[in-house]
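build me a model:
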Amino acid sequence: MHVSKFKKSYITTELSSSSFNITQLDRLFDYLGKYGGLELDPEFQRGKVWTDEQCTKYIEGILEEKMMNKDLYFNWDFEEDGINHPTYCVDGLQRLTAAIKFNNGEIKPFGYSIHDLEGLKSMRYSFNVYVNKLKTYENVVSWYLSLNDTGIAHTKEDLDKAREVLLKELKRKVVALESKEDNIK
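I've put the predicted structure just below:
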């Protein structure tokens, strides 16, 4: 188990890690969604923005055994304030989308389908899957921002969208606390 602290000291993470082969995504999805479901594109994510060409180039990089980013970050499902949250994809949606499209035959790197390439050494490529155990939606969205607030791959609009979700969640918590206080009085 890996324990690290991110930008905000109140976010302590317990990351567990596993590896999943790029051609066995069904195993990954079963593993991550077995308890409370799996949300690959939560509202704080920027959405699927890679074009088919970008997805193809990513898979081609894998097949050429280039050093491609192969990390995927998720947060386990949890219950908070009576809300059941699924396992969220926090980082790696574009890479995962490329792999899904490759597995589904929607993209063909170098003009080849996944079946044409079976047996290649590079087809044993595995994603490093890190799963956190944050117990509040606020912390999950804050973690997403910490991972992506470098200005490299996300636009200001992408990050502003996640900040709006975080603000909405904080407002929801304030209303819930005020409601509890009113019930106590």
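
in this protein, where's the longest helix?
helix 156-184 (DSSP state H).

same for that helix, what does it pack against?
helix 137-148 (3 or more C-beta pairs under 8 Å, 6 or more residues apart in numbering; DSSP states H and E). For glycine as for every other residue, the C-beta is placed from the backbone atoms N, C-alpha and C.

and the helix it packs on with helix 156-184, angle?
Counting by axes from the mean of the first three to the mean of the last three C-alpha atoms, to 10 degrees, helix 137-148 lies at 160 degrees to helix 156-184.

all strands of the chain, in order?
Counting by DSSP state E, the segments of the chain that form strands are 2-5, 12-21, 38-39, 71-75, 78-80, 83-85, 87-91, 126-132.

let me have those strands in JSON lines, extended by mean pLDDT, mean neighbour count and distance to Lys161.
Listed next are those as JSON lines, based on pLDDT from 0 to 100; neighbours: other C-beta atoms under 10 Å; distance: least, C-beta to C-beta, whole Å:
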{"stretch": "strand 2-5", "mean pLDDT": "40", "mean neighbour count": "9", "distance to Lys161": "25"}
{"stretch": "strand 12-21", "mean pLDDT": "71", "mean neighbour count": "15", "distance to Lys161": "23"}
{"stretch": "strand 38-39", "mean pLDDT": "94", "mean neighbour count": "18", "distance to Lys161": "16"}
{"stretch": "strand 71-75", "mean pLDDT": "94", "mean neighbour count": "22", "distance to Lys161": "18"}
{"stretch": "strand 78-80", "mean pLDDT": "92", "mean neighbour count": "16", "distance to Lys161": "21"}
{"stretch": "strand 83-85", "mean pLDDT": "92", "mean neighbour count": "14", "distance to Lys161": "18"}
{"stretch": "strand 87-91", "mean pLDDT": "95", "mean neighbour count": "23", "distance to Lys161": "14"}
{"stretch": "strand 126-132", "mean pLDDT": "90", "mean neighbour count": "19", "distance to Lys161": "21"}
